[in-house]
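Trainee: Got a predicted model here, sequence first, then my questions.
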Amino acid sequence: MALLALGLVLLLVHTRIYAFLTDDAYISFRYARNLSHGFGLVFNPGMERVEGYSNLLWVLVLAAFDRFGLRPERVANPLSVLCTIVLWGVIAWYAWKRRRETAAWCLGAALVWLGATRSIAVWSTSGLETRSFELWVVWGVLRLASEIEAAEAGRPWRPFAAPLFALGALTRPDGLLIGASACAAGALWLLLRRRDALLRYIVSWTSFALLVGAQLAFRRAYYGEWVPNTYFAKVGGHTDVRLGLEYLWAFVLEYAAYLWLPLLALGAWRLIRARGPLLALLAAVLVPYLAYVVAIGGDHFEFRPLDLVFPLAFVLMAEGLRSLVASRARAAGAAAFALIIAVGLFVRPWQTHVETPAGYYPGFPGHPGYETGVARDFLAPAHDGIYRLPGLAAIAAEHRRLLFALTYRFACIRQEEHVGFLASSMAEGERIRQLIADGRLPRDVYIAMSCVGAMPYLSDVRTLDRHGLTDAHVAHSAFTKDPLLAHGKFATIEYARQRGVDLWTVDKAYLTGAVTDDNVLQSIRFGPRNHEDDWAADIGNGRLLMVQLPQGIDSARRRMPRLQFMRLDDPEFIRHFVDIALPYYYDWMRAHPADLAAGVRLAYVARLGERWDIARSLYEQLEPLVPHNADFYEQLADCYEGTGDKSLAAVTLDKAADAARSAGDGARSDALAARANTLRR
């Protein structure tokens, strides 16, 4: 009893630490809100029907609450935590039923492990349907084992497992695979062990067939497809087994699942000797499901589809722990091993939490831009008191390598990054809403963007999803070259023009940007080179609206007369940008004097505006702090040339040429050297 209570306390405390909402949950929130307001299960009211969610039951539940005035973003996490508590209760019920058996206390270890696991804590919230789905599946497996045991023994039983699996299938499409596999395993078990019970067993699955069949019929009739649009947008027949294996291997290393192997083997042997159906059901559920997860390349979120493994594996491991106690008659040794497993579940995941920087760093830690910055020492084995030990250090190094490789492809993105992104996307959604309220954007503005969660939900704008989750045409298009996981489709500007889109965001995520943001400066620096139609409009408070205009500038000025659009390569815009940006940069630097990156951007902005004296002073202050970099030296040389010091400009260009040569860019090195020679003439 004490172990059961300890497991629940650990679980709730751990859940509180990681409580969050993810931006993707707001897609389901928007469908739920539109349904409750009478617009139907659509993303854009009044437009075509597209199933841009993959969690029908979750959306329906949220819509029901919204109908009574409880908004989805308010109730999603409490419902998810409730599902977590019920999941704890299901496993506690499984342990309590065996409390009089040998070493029954070991079954309580499953709940302690559950409470120590970061992934369980993370997906106890998020606003997604993850925990609800796991509840139905785990409950269904344990209940089905009891029903098959009763049928085999000739005892009366009530068919409760099949509806549970049906609820899982209604919650996520993966549930259909799991439910069908469990049904088949149970039927095969009874075929071999108790044929006279087989017919009743098959009939008991009628509810599963009816509920799943009704959902498929609804989808076909309402959306014209047999599978959700999200399948075409994310998978569409595309497999990436190598990425999926790396995703699975990172899971094994992060949660020290190699320590589970003895208990899994002992648990399997114990269940085989008991001649019960639970092991067959666990194998039937997990093997095809894991194969599916590997085949699709894992998931964008950190171990979300693999979270189902924990409760099912822990039940089997607890049986193995009982076997260990029975064979050695040494409860202390078994308890010590259980504690080691709990430490393995907690230590490495906690280290990732501690070392992940606060704020929003997209693709952390694998994005190439972080290699020499915030990710340089991330999860280095030397930082960990346990994983610095011989042998474990090699595991830590491999785990670190995998996280870098996965996040480079936008797979296995950590909870901390989603926290940072939601904060920024919610702020952006409110800004768009305010622009509409102020009359600077029309109420029916149509925006193409790549993140369609909180921003469209909070601003309530018509939205074209450039990755196709909520757009069937984009979802059925071809994958881009070297696609990022779950982000492999992308709309064309021509398609946006045909759809009547007003604004196409230049940034990957945001419609607006602060003048001090790196992405704004990068757009100004490279936008005119990459596109011929990038525009900006000053919306005040140091922010710019940065877009392409699929319908053309005349249409934009007619529909948005209160915004003054200027091309990014227009000298007048550059002068205006520098004028408004410099004061904000100075304010930022006074508040954050150690922000080297912002200092570099400030110097570049001064140079961009040909404020040569200011730029030269800033670059000279930064020179000792910046690594040997060709870009930096070339910009400093521009400042020297701008202030009339050609000889110093030539010397600095020589440094730039050396830096380019060291970086392996011979052509640029030659060009810089030639420019230096020209200045010396």
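Mentor: Arrived safely.
Trainee: Residue 547: helix or strand, and which one exactly?
Mentor: Using DSSP states H and E, residue 547 falls within strand 543-548.
Trainee: Quick one: list the elements packing against the next helix-or-strand element following that strand.
Mentor: Per DSSP H and E, the first helix or strand lying C-terminal to strand 543-548 is helix 553-559. For helix 553-559, the packing partners by 3 or more CB pairs under 8 Å, 6 or more residues apart in numbering; DSSP states H and E come out as strand 565-567. In this view, the C-beta of every residue, glycine as well, is placed from N, C-alpha and C.
Trainee: hmm, try it at 10 Å
Mentor: Packing partners of helix 553-559 (3 or more CB pairs under 10 Å, 6 or more residues apart in numbering; DSSP states H and E): strand 534-540, strand 565-567.
Trainee: which of these is buried the deepest?
Mentor: Comparing the helices and strands packed on helix 553-559 on average neighbours per residue, with mean count of other CB atoms under 10 Å, the densest one is strand 534-540 at a mean of 20.
Trainee: which neighbours does that one have in its sheet, and in what orientation?
Mentor: As defined by DSSP bridges, the strand partners of strand 534-540 come to strand 543-548 (antiparallel), strand 565-567 (antiparallel).
Trainee: can you list the ones you listed in TSV and add distance to residue 490?
Mentor: What follows is the strands paired with strand 534-540, written out as TSV (distance: least, CB to CB, whole Å):
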stretch	distance to residue 490
strand 543-548	14
strand 565-567	24
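Trainee: what's the closest of the ones you listed to residue 109?
Mentor: Residue 109 lies closest to strand 543-548 among those, at 53.5 Å (CB to CB).
Trainee: How far does the closest one sit from its chain's centre?
Mentor: Distance of strand 543-548 from its chain centroid, counting by CA atoms, centre = their mean, to the nearest Å, is 26 Å.
Trainee: Check stretch 145-153 too.
Mentor: Worked out by CA atoms, centre = their mean, stretch 145-153 lies 40 Å from the chain centre.
Trainee: Would you mind writing the CA trace of it as PDB?
Mentor: What follows is stretch 145-153, C-alpha atoms only, in PDB (Å, rounded to 0.1, in the frame of the first residue of the first chain):
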ATOM      1  CA  ALA A 145      -6.200 -10.700 -20.000                       C
ATOM      2  CA  SER A 146      -8.700 -11.000 -17.200                       C
ATOM      3  CA  GLU A 147     -11.600 -11.800 -19.600                       C
ATOM      4  CA  ILE A 148      -9.600 -14.400 -21.500                       C
ATOM      5  CA  GLU A 149      -8.600 -16.000 -18.200                       C
ATOM      6  CA  ALA A 150     -12.200 -16.100 -17.100                       C
ATOM      7  CA  ALA A 151     -13.300 -17.600 -20.500                       C
ATOM      8  CA  GLU A 152     -10.500 -20.200 -20.400                       C
ATOM      9  CA  ALA A 153     -11.600 -21.200 -16.800                       C
END
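Trainee: Which positions in that stretch come out as buried?
Mentor: Across stretch 145-153, burial judged by 16 or more other CB atoms under 10 Å covers 145-149, 151-152.
Trainee: Arrange those in TSV, one row each, with secondary structure, pLDDT and distance to residue 191 as further columns.
Mentor: TSV is the format used below for the buried residues of stretch 145-153 (DSSP: H, G, I helix; E, B strand; the rest coil; pLDDT from 0 to 100; distance: CB to CB, whole Å):
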residue	secondary structure	pLDDT	distance to residue 191
145	helix	96	17
146	helix	95	19
147	helix	95	15
148	helix	95	12
149	helix	94	16
151	helix	91	12
152	helix	90	12
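Trainee: Including distance to residue 54, could these go into TSV?
Mentor: Shown next, in TSV, are the buried residues of stretch 145-153 (distance: CB to CB, whole Å):
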residue	distance to residue 54
145	28
146	30
147	29
148	30
149	34
151	33
152	36
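Trainee: element containing residue 521?
Mentor: helix 518-530.
Trainee: and that helix, average pLDDT?
Mentor: Mean per-residue pLDDT for helix 518-530: 77.
Trainee: now stretch 34-51
Mentor: The model assigns stretch 34-51 a mean pLDDT of 97.
Trainee: For that stretch, buried residues please.
Mentor: 34-36, 41-44, 47, 49-51.
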